[in-house]
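Trainee: I'd like to go over a predicted model; first the sequence, then the structure.
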Amino acid sequence: MNERMQTEEKWRKMKHDRQQACSHRRGQRKWAIGLQHNFPDHLPRGICLLCGLVIHPAHWVDWVPGGGPGAMTLVTANMLYPVVQMIEDQDHALAVLRDVYFAAVDSLIASNEARYLSWLDFTYALARGAIHQQCEDNTKGYWR
């Protein structure tokens with residue numbers, strides 16, 4: 001092997017060792033795994049933000065290791081893939097709560113009960129443009 005191939009093999013082994021030693025957690029509780037959604041099978045992938053490990057679901061590939069194109073081979077899911085699914089479920093639940101929250105803020109504005117909004121609610125509504133629209137639509141002049 002030439003020098004370049006030896007160096008690449010050394011870096012590959014160092015990366016593998018680092019990923020094996022990584023806990024994939026920040027501190028002791030929070031997972032350090034980010035989600036990726038831009039795949040044709042619509043399944044999320046995880047990426048450890050500390051070591052760069054890609055956590056994938058089970059999928060089929062048309063590649064023979066050490067060779068080239070060949071018969072379809074099933075690649076088993078990474079053993080951390082259930083963690084990726086758990087993080088995905090938590091993100092989805094937070095998105096639903098956020099939508100419910102914005103709907104409640106919108107209904108307060110539409111019913112001219114905006115005086116009950118906190119400063120943070122008012123800021124969110126302002127950023128979304130809801131208050132500006134209410135100013136134009138409001139015939140009672142509440143916002144003027």
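Mentor: Sure thing, it's come through. Numbers count the residues shown, from 1 in each chain.
Trainee: Show me where the chain has its strands.
Mentor: 25-26, 30-31, 33-36, 45-48, 54-55, 59-61, 73-75 (DSSP state E).
Trainee: got the contact list for Arg26?
Mentor: 32, 50 (CB atoms under 8 Å, 6 or more residues apart in numbering). C-betas here are computed from N, CA, C, even on glycine.
Trainee: Over to Ala32?
Mentor: So Ala32 contacts 24-26, 48-50 (CB under 8 Å, 6+ apart).
Trainee: Filter those residues down to just the buried residues.
Mentor: Among the contacts of Ala32, those classed as buried by 16 or more other CB atoms under 10 Å are 24, 48.
Trainee: Pro44: neighbouring residues, count only.
Mentor: Pro44: 20 surrounding residues under other CB atoms under 10 Å.
Trainee: Please report the distance of it from His92.
Mentor: Pro44 sits 10 Å away from His92, going by CB to CB, to the nearest Å.
Trainee: again with Phe39
Mentor: On the measure of CB to CB, Phe39 and His92 end up 17 Å apart.
Trainee: what stretches of the chain score poorly on pLDDT?
Mentor: Within the chain, the stretches with pLDDT under 70 are 1, 64-69, 109-110, 112-144.
Trainee: Mind listing what's buried along the longest helix seen in the chain?
Mentor: Counting residues, the longest helix found in the chain (DSSP state H) is helix 81-110. Within helix 81-110, the residues scored as buried using 16+ other CB under 10 Å are 81, 83-84, 87, 105, 108-109.
Trainee: next one: stretch 25-35
Mentor: In stretch 25-35, counting by 16+ other CB under 10 Å, buried: 31-33.
Trainee: what's the neighbour count on His59?
Mentor: Counted with other CB under 10 Å, His59 comes out at 14.
Trainee: Sounds good, over and out.
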